[in-house]
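S.K.: 3D, please:
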Amino acid sequence: RGLTTMGAATFISNGLGGLFWFYMASLMGTEGYGQVSYFIAIAVIGSRISLLGFANTMMVYSAKGVKIQPPIYLIAILGSVITSLILFFVFLYDAGLSLYVIGFVTFTLVTSDLLGRKQYKTYAKYLISQKIILIILAVCLYHAIGLTGVILGIAISFLPYSFMIYKEFKNTKIDFSLIRSRAKFVTNTFANDLSELFGGYLDKLIVAPMLGFALLGNYQLGI
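M.R.: Numbering: from 1, shown residues only. Okay, here's the model as predicted:
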């Protein structure tokens, strides 16, 4: 039953995402679509590095009843803030990229915790509602401020679920020893995440400077 709920949520979320990106590609054109894809790739790489392998760590140990959530939240959020500040100054004060990193990290950790606790219905609600909010905000902000609005809309769509982190800090004591005693697991998970990350996103950082945003747009749409 839980697998069916997760599968249905993933199917609906990916379906909505696919329709959204096809629609946005028709609005932005290949060059604009390539430009947005390029900056999202940068934001995702920054986000995944900031996570430090904690998404899978959260899922595994929350399933075992270990109260590992507060120290993971604190370390990952601090990492995302540092990464977001770097991106903010490197990319000429683009708040959308910075907010994307913080939002992506918080939403990923919250949904990983839900899966670990086997709260599949809540996970499904969060996944689908986030995608709906994303579509509404990204489309509206694109028409209001252009390409930057797409990334900003996606970033804001992650943030409503951060209240779960506040609740966890309020109800559970932060114990860093829970991280230290599982350092090997976290390190291995982080290394695995990095290998998947660069395999899935590094190509976009190569294609755009070499061949231009228009070709990247077609390439990304094909993917």
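S.K.: Residue for residue, what is the longest helix this structure has?
M.R.: The longest helix of the chain (DSSP state H) is helix 2-51.
S.K.: I'd like the average pLDDT over the helix or strand following that helix.
M.R.: Using DSSP states H and E, the helix or strand that directly follows helix 2-51 along the chain is helix 54-63. Mean pLDDT, helix 54-63: 92.
S.K.: Specify the angle between helix 54-63 and helix 2-51 in degrees.
M.R.: 130 degrees (axes from the mean of the first three to the mean of the last three CA atoms, to 10 degrees).
S.K.: so what does helix 54-63 touch, helix or strand wise?
M.R.: Under the contact definition 3 or more CB pairs under 8 Å, 6 or more residues apart in numbering; DSSP states H and E, helix 54-63 sits against helix 69-90, helix 95-116, helix 183-211. Using the backbone N, CA and C atoms, a C-beta is placed for each residue, glycine as well.
S.K.: from these, which stretch is densest packed?
M.R.: Highest mean neighbour count of the helices and strands packed on helix 54-63: helix 95-116, a mean of 23 (counted as mean count of other CB atoms under 10 Å).
S.K.: List every C-alpha atom in it, with coordinates, as PDB.
M.R.: Taking C-alpha atoms only, helix 95-116 is exported to PDB below (Å, rounded to 0.1, in the frame of the first residue of the first chain):
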ATOM      1  CA  ALA A  95      18.500  35.900  -5.200                       C
ATOM      2  CA  GLY A  96      16.700  33.100  -7.100                       C
ATOM      3  CA  LEU A  97      19.700  30.800  -7.200                       C
ATOM      4  CA  SER A  98      20.500  31.400  -3.500                       C
ATOM      5  CA  LEU A  99      16.900  30.800  -2.400                       C
ATOM      6  CA  TYR A 100      16.700  27.600  -4.600                       C
ATOM      7  CA  VAL A 101      19.600  26.100  -2.700                       C
ATOM      8  CA  ILE A 102      18.100  26.700   0.700                       C
ATOM      9  CA  GLY A 103      14.600  25.600  -0.400                       C
ATOM     10  CA  PHE A 104      15.900  22.400  -2.200                       C
ATOM     11  CA  VAL A 105      17.900  21.300   0.900                       C
ATOM     12  CA  THR A 106      15.000  21.800   3.300                       C
ATOM     13  CA  PHE A 107      12.400  20.200   1.100                       C
ATOM     14  CA  THR A 108      14.700  17.200   0.400                       C
ATOM     15  CA  LEU A 109      15.400  16.600   4.100                       C
ATOM     16  CA  VAL A 110      11.700  16.900   5.100                       C
ATOM     17  CA  THR A 111      10.600  14.400   2.500                       C
ATOM     18  CA  SER A 112      13.400  12.000   3.300                       C
ATOM     19  CA  ASP A 113      12.300  12.100   7.000                       C
ATOM     20  CA  LEU A 114       8.700  11.400   6.000                       C
ATOM     21  CA  LEU A 115       9.800   8.400   3.900                       C
ATOM     22  CA  GLY A 116      12.000   7.100   6.800                       C
END
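S.K.: So for this protein, the centremost residue is which one?
M.R.: residue 104 (3.1 Å; CA atoms, centre = their mean).
S.K.: dump the residue contacts of it.
M.R.: Shown in contact with residue 104 (CB atoms under 8 Å, 6 or more residues apart in numbering): 43-44, 47, 80, 155, 158.
S.K.: got a list of contacts for stretch 204-220?
M.R.: Here stretch 204-220 has contacts from 25, 28-35, 37-38, 41-42, 45, using CB under 8 Å, 6+ apart.
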